[in-house]
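S.K.: Give me the fold of what follows.
(chains A and B)
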Protein chains: 2
Amino acid sequence: MQENQIVTSMNFSLPKWIQEELACWPTHLPSTNEQMRLAIALSRKNVEHKTGGPFGAIVIDESTGLVLSVGVNRVEHTNCSLLHAEAVALMLAQQRINSFDLGGPGMPRRKLVTSAQPCVQCFGNIHWSGIWAMAIGATKGDVETLTGFDEGPLHPNWREELRAQGLSLEEEVMRREASAVLRYYRESGGFIYQGRRSKPLG
Amino acid sequence: MQENQIVTSMNFSLPKWIQEELACWPTHLPSTNEQMRLAIALSRKNVEHKTGGPFGAIVIDESTGLVLSVGVNRVEHTNCSLLHAEAVALMLAQQRINSFDLGGPGMPRRKLVTSAQPCVQCFGNIHWSGIWAMAIGATKGDVETLTGFDEGPLHPNWREELRAQGLSLEEEVMRREASAVLRYYRESGGFIYQGRRSKPLG
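M.R.: Numbering: from 1, shown residues only, chains lettered A, B, ... in the order given. I've put the predicted structure just below:
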């Protein structure tokens, strides 16, 4: 086989504006609303800078509010359908602590804070990530109605499945602010990329 | 925020033995059995070289049998719970064609060939990847019984959900050979890493 044609590695990065944006935020965000405010700010900046879809997520240490990692949707810019905001935040948090498990024995409880309800792919990512808690902004209905993005065939009992592994769940946190970014994406003519169902926003 | 503490990028690679292994295979594998033979060979080599879990996957162009990408499980070695064999193969295929969509208009139909049934996470990855077909070796039951790995809360109608988006599915392709690798992993004392349920194999 001409092995030089096979791609053997991949690199992805957060957009360059992230460092500048994070310089404006404290390292610790103790309340869920503050955490969500950062996740939503990242989702909005991602649209403003045209660096991806209208989604932001962060991973925090629950007891201290330390922001462990941040993520934004990078699908279009990295040519990778896996790089939803939640996936990026989870992967970068695991890189920071050098573990594929964010919630193993002796570790602080970690929480994923995401500007919108995770899709079918992020549900799977969350399941194996080791996080102990999740806060969600906009609902599935908000995402699908306001943008045309589709959440995919999510498990019908996804909430119960996550709770069954000990994960605690908060929904509709700052939902109005989170939804406003989805609306802004639509108004700014954002692209809906979903595999072969991709289409420009009408 | 001390932005230097935030990890802003990530890189992952296939194990070094991959290039040597692929040099022994043709660039095109026309039949599903030949394709599965490569996926299974990769799963076995990954165990032999102790570079990850007992799973291998490839993406091929369905009409020509061209091997577009290969993947093996990289969770432990990259500290990333997302890097299952299927995810790696899909991401590297997308990198090769510079598109987040493996099945857009005008593109050849692409197939994922995987040594074992995709878990809840890979189901989501597959859903957005754009592939048109999938061939599976070992079953969910084989994986869970022979290794102790858990497939997670897979959608109860996952087959119908994939077919509903036009994906064709073949199961139990070379199941015996695929299962033999799972058994070999157990006998070689492989580690079962599943977030906070991780445990050594008994």
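S.K.: those helices in chain A, which residues are they?
M.R.: Assigned by DSSP state H, chain A shows helices spanning A:17-22, A:32-48, A:75-78, A:85-97, A:120-129, A:140-147, A:158-164, A:175-187.
S.K.: which residues sit against the third one?
M.R.: If you take Cβ atoms under 8 Å, 6 or more residues apart in numbering or on different chains as the criterion, helix A:75-78 is touched by A:12, A:15, A:51-53, A:81, A:83-84, A:191, A:193, B:100. From N, CA and C alone the C-beta is placed, and that goes for glycine too.
S.K.: hmm, 6 Å instead?
M.R.: A:12, A:52, A:81, A:83, A:193, B:100 (Cβ atoms under 6 Å, 6 or more residues apart in numbering or on different chains).
S.K.: still on that earlier bit, with mean pLDDT added, can I get the helices of chain A in TSV?
M.R.: Formatted as TSV, the helices of chain A follow (pLDDT from 0 to 100):
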stretch	mean pLDDT
helix A:17-22	96
helix A:32-48	98
helix A:75-78	96
helix A:85-97	98
helix A:120-129	97
helix A:140-147	94
helix A:158-164	96
helix A:175-187	96
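S.K.: Adding distance to B:E161 and mean neighbour count, write the ones you listed out as JSON lines.
M.R.: Shown next, in JSON lines, are these (distance: least, Cβ to Cβ, whole Å; neighbours: other Cβ atoms under 10 Å in any protein chain shown):
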{"stretch": "helix A:17-22", "distance to B:E161": "34", "mean neighbour count": "17"}
{"stretch": "helix A:32-48", "distance to B:E161": "27", "mean neighbour count": "22"}
{"stretch": "helix A:75-78", "distance to B:E161": "20", "mean neighbour count": "20"}
{"stretch": "helix A:85-97", "distance to B:E161": "20", "mean neighbour count": "27"}
{"stretch": "helix A:120-129", "distance to B:E161": "9", "mean neighbour count": "27"}
{"stretch": "helix A:140-147", "distance to B:E161": "16", "mean neighbour count": "18"}
{"stretch": "helix A:158-164", "distance to B:E161": "14", "mean neighbour count": "15"}
{"stretch": "helix A:175-187", "distance to B:E161": "24", "mean neighbour count": "20"}
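S.K.: of these, which approaches B:T8 most closely?
M.R.: Shortest distance between B:T8 and these, using Cβ to Cβ, is found for helix A:17-22: 6.4 Å.
S.K.: what's the spacing between that closest one and its chain's center?
M.R.: 16 Å (Cα atoms, centre = their mean, to the nearest Å).
S.K.: is any part of it close to chain B?
M.R.: Yes - counting by Cβ under 6 Å from any Cβ of the partner chain, contacts between helix A:17-22 and chain B involve A:19, A:22.
S.K.: give me every residue that touches the closest residue to A:G137 other than its chain neighbours.
M.R.: Spatially, and ignoring its direct neighbours in sequence, A:G137 is nearest to A:A178 (3.0 Å; Cβ to Cβ, 6 or more residues apart in numbering or on different chains). Residues near A:A178 by Cβ under 6 Å, 6+ apart: A:40, A:115, A:137-138.
S.K.: Let's see that with 8 Å instead.
M.R.: By Cβ under 8 Å, 6+ apart, A:A178 lies in contact with A:36, A:39-40, A:43, A:115-116, A:137-138, A:142.
S.K.: Grab the two from the contacts of helix A:75-78 that are most spread out in space.
M.R.: The widest separation within those (Cβ to Cβ) is 15.6 Å, between A:F12 and A:Y193.
S.K.: centre of the chain versus stretch A:72-80, how much separation?
M.R.: Taking Cα atoms, centre = their mean, one finds stretch A:72-80 lying 12 Å from the centre of the chain it belongs to.
S.K.: whoops, I mixed them up, stretch A:99-109
M.R.: 19 Å.
S.K.: One more: stretch A:164-171?
M.R.: The answer for stretch A:164-171 is 17 Å, by Cα atoms, centre = their mean.
S.K.: And for stretch A:167-187?
M.R.: 12 Å.
S.K.: What of stretch A:42-60?
M.R.: Stretch A:42-60 has its C-alpha centroid displaced from the chain centroid by 8 Å (Cα atoms, centre = their mean).
S.K.: ok, now stretch A:153-163?
M.R.: 17 Å.
S.K.: Likewise for stretch A:35-42?
M.R.: With Cα atoms, centre = their mean, you get 11 Å for stretch A:35-42.
S.K.: Just checking it against chain B, any contact.
M.R.: No - Stretch A:35-42 lies out of reach of chain B by Cβ under 8 Å from any Cβ of the partner chain, never closer than 9.4 Å.
S.K.: what comes into contact with that stretch?
M.R.: Under Cβ under 8 Å, 6+ apart, the answer for stretch A:35-42 is A:18, A:21, A:25, A:29, A:56-58, A:60, A:65, A:67, A:70-72, A:85, A:111, A:113-115, A:135, A:137, A:173-174, A:177-178, A:181.
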